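Asker: Take this sequence and fold it.
(one chain, ligands or ions: 1)
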Amino acid sequence: MPPVTETNPLRKGLADSRRPQPFTMVIFGAAGDLAHRKLFPALYNLLVDHWLPQPFQVVGVARAAFTEQAFRQEVRDALTSFSRRPLDSALFDTFSQGIHYLPTDFSDPGGYQALKTLLETINQEHELPPRYLFYLATPPAMYPVIAANLGKAGLNETRQAGGWIRIIIEKPFGHDLESATGLNRDLHGVFDESQIYRIDHYLGKETVQNILVFRFANGIFEPLWNRQYIDHVQITVAESLGVGGRGSYYDQAGALRDIIQNHMLQLLSLIGMEPPVSFEADAVRDEKVKVLRAIRPLTTRDVANFSVRAQYDAGFIDGAAVPGFLDEPDISSDSRTETFVAMRLLIDNWRWAGVPFYLRTGKRLARRATEIAIQFKTAPHRFFSQTATPELEPNLLILKIQPDEGISLRFGAKVPGPEIRIRTVNMEFLYGTSFADAPPEAYERLLLDAMVGDSTLFTRRDEVEAAWTLVTSILQGWSRARGPIPAYESGSWGPKEAEALVLQDGFQWHRP
Ligand code: BG6
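Answerer: Now for the predicted structure:
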């Protein structure tokens with residue numbers, strides 16, 4: 001079969017419906033790390049792929065006192081360092097014509113009047129109705145401040161024909177259930193839910209979107225996707241990196257808030273959801289939120305028995321010595337923040353009752369790997385018990401989210417020869433060999449979706465609150481626990497307590 005490419009004419013009709021109308025993007029926090037590393041590179045690569053409307057206008061808003069010219073140079077430097085495709089000078093010149101910069105303090109109402117004037121000037125020049133996409137790439141404490149000021153300046157709604165206003169909110173969305181609910185309330189005081197796009201970059205990953213395709217566009221998996229055939233599910237998000245320069249954020253957050261509350265619960269809900277009635281944003285999100293709500297609440301005792309937290313100690317990653325968490329910059333020396341979490345969750349519904357879902361994430365683990373391992377029930381193997389294969393291994397389906405994106409299926413095959421010997425073999429699908437095009441970055445996909453008003457891959461209010469309900473109960477359970485937090489060596493697969501967690505149910509972690 002020839003590889004599927006972007007030039008495939010069959011994709012043309014679909015592609016055209018996803019071309020955004022001309023609009024203006026406004027990035028708050030435009031001088032920061034996220035804008036440099038992810039947002040501007042995503043915009044530039046969308047431009048390369050002809051997805052951006054022409055001319056494309058983006059306004060950077062931040063406190064730093066750049067001139068427009070200096071800011072354009074900043075963006076150029078960022079693209080040189082972080083764009084997935086090399087910078088083309090001629091193309092950048094076109095791109096940079098549409099880059100504007102507005103220095104202001106986010107809490108100064110005068111700045112929003114200046115922004116309004118600038119946006120109106122852009123609209124007049126290009127004969128556009130008000131169409132604005134605001135991106136909040138700022139410290140989270142600024143989210144309600146910016147939203148309220150946009151409202152006061154009348155930049156939260158438009159009645160003009162053809163106009164629209166949307167706002168993208170970065171993570172972390174809240175710190176616990178109370179703060180997330182409060183933030184939702186603040187945002188809803190100014191914007192309607194249909195205007196709010198809560199980003200979780202995991203949902204922009206091709207392999208994550210493929211979970212829905214894999215489950216619902218194939219006839220053979222969904223009939224097996226339940227407690228009758230599935231034994232248990234393991235979801236792993238392993239990172240070899242430490243906290244790096246983000247110590248002051250991470251010490252306040254920890255792995256539970258940083259990875260489980262958002263990325264991992266999103267993976268779990270995509271694996272666990274019922275088929276949606278359509279692929280409309282709300283139909284998909286309705287089903288995802290039902291899974292989160294069906295997770296059995298954890299009592300304090302459950303938290304003690306079925307969750308493990310730990311901190312990394314010094315060790316070696318790729319042969320190089322790395323310091324322990326407590327010796328990282330900006331981490332308090334008596335920090336109890338977890339850099340590793342493992343837990344068992346149960347989903348109380350007809351599809352999943354009795355099927356444990358194990359979640360595990362950590363920094364400074366042996367290697368970077370995100371995967372979902374679905375272990376099927378073992379075949380009743382009476383027929384083979386007299387053969388040279390005493391134990392049959394269960395079938396294992398692994399969705400490899402990153403790196404080495406792909407899917408593998410493990411099954412038993414007869415070893416050629418006169419006796420019945422069974423060996424485990426793997427059937428593999430690899431994105432890299434089946435598809436010619438390198439996948440876009442998650443932010444490219446998500447920005448494009450927000451530009452065309454598709455919120456399927458963004459988290460809805462009830463979803464974020466359901467996730468925080470679960471996570472807050474675990475935080476509360478942990479806050480009652482005394483005693484030291486277990487440690488694990490950097491470069492290992494986590495503490496022995498995590499092994500014990502699955503072993504009490506008779507399992508082992510799958511080694512990515
Ligand atoms: C972010 C977390 O949301 O996801 C980081 O804040 C983490 O701590 C990152 O490193 C992982 O993302 P990815 O795409 O590299 O798996």
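
Asker: near the ligand, which residues of this structure?
Answerer: Counting by Cβ under 6 Å from any ligand atom, the residues of the chain close to the ligand are Lys171, Glu239, Asp258, Thr370. For the C-beta atoms, the positions are set from N, CA and C on the backbone; glycine is no exception.

Asker: Without its sequence neighbours, what residue ends up closest to the last one?
Answerer: If the residues on either side of it in the chain are set aside, Thr370 comes closest to Ile401, at 4.0 Å by Cβ to Cβ, 6 or more residues apart in numbering.

Asker: With Met343 instead?
Answerer: Ser307 (4.0 Å).

Asker: so where does the residue nearest to Thr370 fall, helix or strand?
Answerer: strand 396-402 (DSSP states H and E).

Asker: buried residues in the helix or strand following that strand?
Answerer: Proceeding N to C from strand 396-402, the next assigned helix or strand is strand 406-414, under DSSP H and E. Residues of strand 406-414 classed as buried by neighbour count (16 or more other Cβ atoms under 10 Å): Gly406, Ile407, Ser408, Leu409, Arg410, Phe411, Gly412.

Asker: repeat for stretch 276-290
Answerer: Pro276, Ala281, Val284, Arg285, Asp286, Glu287, Lys288, Val289, Lys290.

Asker: measure the fourth one to Arg72 for me?
Answerer: Computed as Cβ to Cβ, to the nearest Å, the Arg285 to Arg72 distance reads 38 Å.

Asker: And the fifth one, by the same measure?
Answerer: Look at Asp286 and Arg72: by Cβ to Cβ, they are 43 Å apart.

Asker: can you check the first one too?
Answerer: The gap separating Pro276 from Arg72 is 43 Å, by Cβ to Cβ.

Asker: How about Arg301?
Answerer: Distance of Arg301 to Arg72, computed by Cβ to Cβ: 58 Å.

Asker: more neighbours, the two?
Answerer: Taking other Cβ atoms under 10 Å, Arg301 and Arg72 do not tie; Arg72 has more neighbours (21 against 9).

Asker: Confirm that that one lies within a helix, as I assumed.
Answerer: Yes: looking at Arg72 with DSSP: H, G, I helix; E, B strand; the rest coil, it is inside a helix.

Asker: Leaving out sequence neighbours, find the closest residue to it.
Answerer: Ser96 (4.5 Å).

Asker: For the one you found, report the pLDDT, please.
Answerer: We note a pLDDT of 96 for Ser96 in this prediction.

Asker: Checking my notes, it in a strand, right?
Answerer: No: according to three-state DSSP, Ser96 belongs to no strand; its state is helix.

Asker: Show the contacting residues for it.
Answerer: Applying Cβ atoms under 8 Å, 6 or more residues apart in numbering to Ser96 gives the contacts Arg72, Val75, Arg76.

Asker: Go through the residues you listed and name the one nearest the ligand.
Answerer: Val75 (22.3 Å; Cβ to the nearest ligand atom).

Asker: How about that closest one, nearest residue that isn't a chain neighbour?
Answerer: Phe40 is the one closest to Val75 (Cβ to Cβ, 6+ apart), at 5.1 Å.

Asker: Same check on Ala500?
Answerer: Here the residue nearest Ala500, using Cβ to Cβ, 6+ apart, is Val308, at 8.0 Å.

Asker: starting at the chain centroid, how far to stretch 467-485?
Answerer: 22 Å (Cα atoms, centre = their mean, to the nearest Å).

Asker: Equivalent analysis for stretch 118-137, please.
Answerer: 29 Å.

Asker: Repeat that for stretch 492-506.
Answerer: Centroid displacement of stretch 492-506 relative to its chain, using Cα atoms, centre = their mean, is 25 Å.

Asker: Could I get the buried residue list for that stretch?
Answerer: So, applying 16+ other Cβ under 10 Å, buried residues of stretch 492-506: Ser492, Trp493, Gly494, Pro495, Glu497, Ala498, Glu499, Leu501, Val502.

Asker: Cross-check the contact I'm expecting between Leu268 and Ile235.
Answerer: Yes: counting by Cβ atoms under 8 Å, Leu268 touches Ile235, with 6.2 Å between them.

Asker: Identify the residue spatially nearest to Ala413, adjacent ones excluded.
Answerer: Val425 (4.7 Å).

Asker: how near is the one you found to the ligand?
Answerer: Using Cβ to the nearest ligand atom, to the nearest Å, Val425 is found at 29 Å from the ligand.

Asker: Kindly report the same for Ile169.
Answerer: 14 Å.

Asker: That residue pairs with what?
Answerer: In this entry, Ile169 is beta-bridged to Leu136, Arg198, by DSSP bridges.

Asker: Pretty sure it sits against Arg198.
Answerer: Yes: between Ile169 and Arg198 there is a contact at 5.1 Å, judged by Cβ under 8 Å.

Asker: More neighbours: which of the two?
Answerer: Shown here are Ile169 and Arg198; by other Cβ under 10 Å, Ile169 has more neighbours (26 against 22).

Asker: Just the pLDDT at the more buried one, thanks.
Answerer: Ile169 is assigned a predicted lDDT (pLDDT) of 98.

Asker: and what of the one 4 residues further on?
Answerer: Note for Phe173: predicted pLDDT of 96.

Asker: cool, and the one 10 residues further on?
Answerer: Model confidence at Leu183, given as pLDDT, is 98.
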